[in-house]
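K.L.:
Below is the sequence, then the predicted model.
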Amino acid sequence: MPEVDYSEPVNLVCIDLSNPDLTATAAQVRKACLDSGFFYVVHHGIDQDILAEVFEQSRRLFALPDEEKMKLLRNENHRGYTPYQAESLNPSMQPEGDWKESYYIGPEASNVDQGKRFHGPNQWPSTELLPCWRETMEDYYEKVLSTLHRVTINAQERYSVAFFLDPNVDCLVECLPSCCTETNPARFPPIRSGDYLQERIEMTYSSTH
């Protein structure tokens, strides 16, 4: 992920998936990933009623008492709830932790993926408290993989549903041969996706404990 100075506002590009020019769209995605690592997507084909219900269920989840949310605390597979200031995505800028709550869900582990890092059963809120939460999120998950957030800035709440696409944990990420030479070697050594993700998670949480 590129190093970005988040002390200043970052203007994210908005990518229109209905654009028939796939080459231009791919170029936009590439530039956004290089510049900030994030981008907005419009005309994605996800029904607005589904999105509205996802945000409503997210609001209800984060409005639960802290003791109920802590019963769903993030587990070893990185699934579940993280409270305010439990994460610090940029420890040098915000060592006390980020002013956000998160709730992580992902694919249920298949027989092939059993035992792999970051694969496993999701944690679901009690149906007595949130009867429609799991159904809503599983319906939405058929479309995208998601991480739910609530961010508090200046006493105003903001909710976001972010999509993070990770390679297979066993995928080796390395510089393409066409992008490096003897005089211009790769800037970073090869690393497996799961190892890199583990490093980032440890960095994110170590500064807040």
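P.N.:
Structure's in. What do you need?

K.L.:
I'd like the distance between the spatially most central residue of the chain and residue 84.
P.N.:
Taking Cα atoms, centre = their mean, the centroid of the chain lies closest to residue 164, which sits 4.2 Å from it. With distances taken as Cβ to Cβ, to the nearest Å, residue 164 is found 20 Å from residue 84. (C-beta placed from N, C-alpha, C; glycine too.)

K.L.:
can you check residue 118 too?
P.N.:
For residue 118, the distance to residue 84 equals 23 Å [Cβ to Cβ].

K.L.:
higher neighbour count, those two?
P.N.:
residue 118 (20 against 16; other Cβ atoms under 10 Å).

K.L.:
Phi first, then psi, for the more buried one.
P.N.:
phi 70, psi 20 (degrees, to the nearest 10).

K.L.:
these two touch, right, it and residue 169?
P.N.:
Yes - applying Cβ atoms under 8 Å as the test, residue 118 and residue 169 come out as touching, 6.2 Å apart.

K.L.:
Spit out the residues that contact the two alike.
P.N.:
194, 197 (Cβ atoms under 8 Å, 6 or more residues apart in numbering).

K.L.:
tell me, how many neighbours does residue 33 end up with?
P.N.:
13.

K.L.:
What strand or helix carries it?
P.N.:
Per DSSP states H and E: residue 33 is located in helix 22-35.

K.L.:
same question for that helix, mean pLDDT?
P.N.:
Mean pLDDT, helix 22-35: 91.

K.L.:
just stretch 84-93 next, same as before
P.N.:
For stretch 84-93, mean pLDDT is 74.
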